[in-house]
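J.: fold the following for me, if possible:
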Amino acid sequence: MTVNIKGDGVAIKSSGAVQTANVTDLLGRIAELEQRVQQLEDAPAQDIENKLSMVLFSGDLDKSIAAFIIATGAAAMGLEVSIFFTFWGISAVKKQKVYAGKNILEKGFTAMLPGGTRQMQLSQMNYFGAGAKIIRKLMNDHEVASLEEFVEMAREFDVKMTVCDMSRELLGIKDEELIDGLETGGVAAFMGDAATSKVTLFI
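T.: Model (predicted):
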């Protein structure tokens, strides 16, 4: 192999093949990479905090139980926890049904959706409501807290619970149908929490 240096070029001859590399071009690429690295170093990075952000989309009893078990467990471990309730997930923080002041479609959603956690069904093996009763009995027999107790625990742990404004409006859910102590907000409210969270979940 023969190496010849001429001006700003490097010629490498090996097995009869000559490859020419332009030193100026290489130096330019190196300078560009250095500039990009410097920009990344200068850019303010968002600090990841000891937080858990969760979206509860499901209105199923079992999935809501899992969500609140995770939320209260994380809060007990010292994490700052927030839950964003959207669409069917809002059922987990409802306390009653209200029909007054609603149009026909909103009344239809009110009739079909649970009016609280006691009316929620299982995602699997519900058996026209029997499955939900069986799960609740098993939880009681094994001294596992009920969903209602987990919700109260979440409030005691200061878990931030936000109801999606858009979902609430679409489904015609009134303030008096929801439990006390909730916040309301849009996707920006959730993203504000999720952007700096250590853990983000969708249930």
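
J.: going by C-alpha atoms from here, please, whenever you check contacts or count neighbours.
T.: Will do.

J.: which positions in the longest strand along the chain come out as buried?
T.: Criterion DSSP state E: the longest strand present in the chain is strand 49-56. Within strand 49-56, the residues that count as buried by 16 or more other Cα atoms under 10 Å are Lys51, Leu52, Ser53, Met54, Val55, Leu56.

J.: other SSEs contacting it?
T.: Contact partners of strand 49-56 among helices and strands, from 3 or more Cα pairs under 8 Å, 6 or more residues apart in numbering; DSSP states H and E: helix 61-76, strand 80-85, helix 187-194, strand 197-202.

J.: okay, those, which one's buried deepest?
T.: strand 80-85 (a mean of 25; mean count of other Cα atoms under 10 Å).

J.: export that strand as CSV, just CAs?
T.: What follows is strand 80-85 as a C-alpha-only set of coordinates in CSV (Å, rounded to 0.1, in the frame of the first residue of the first chain):
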residue,chain,number,x,y,z
GLU,A,80,-45.5,12.4,42.5
VAL,A,81,-48.5,10.8,40.8
SER,A,82,-51.0,12.3,38.3
ILE,A,83,-54.0,10.5,36.6
PHE,A,84,-55.7,11.9,33.5
PHE,A,85,-59.2,10.5,33.2
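
J.: what pairs with it, and is each one parallel or antiparallel?
T.: Strand pairing for strand 80-85, using DSSP bridges, gives strand 49-56 (parallel), strand 160-164 (parallel).

J.: turn the ones you listed into a markdown table, columns for distance to Phe202 and mean pLDDT.
T.: Converted to a markdown table, those look like this (distance: least, Cα to Cα, whole Å; pLDDT from 0 to 100):
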| stretch | distance to Phe202 | mean pLDDT |
| --- | --- | --- |
| strand 49-56 | 5 | 96 |
| strand 160-164 | 14 | 98 |
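
J.: could you export the ones you listed as JSON lines, including distance to Leu26?
T.: Converted to JSON lines, these look like this (distance: least, Cα to Cα, whole Å):
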{"stretch": "strand 49-56", "distance to Leu26": "41"}
{"stretch": "strand 160-164", "distance to Leu26": "53"}
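
J.: can you say which of those is nearest to Met77?
T.: Minimum separation from Met77 across the strands paired with strand 80-85 (Cα to Cα) falls at strand 49-56, 10.1 Å.

J.: where along the protein do the strands fall?
T.: Counting by DSSP E, the strands of the chain are 2-6, 9-14, 17-22, 49-56, 80-85, 160-164, 183-185, 197-202.

J.: ok now the shortest one, how far from the chain's centre?
T.: So that's strand 183-185. 15 Å (Cα atoms, centre = their mean, to the nearest Å).
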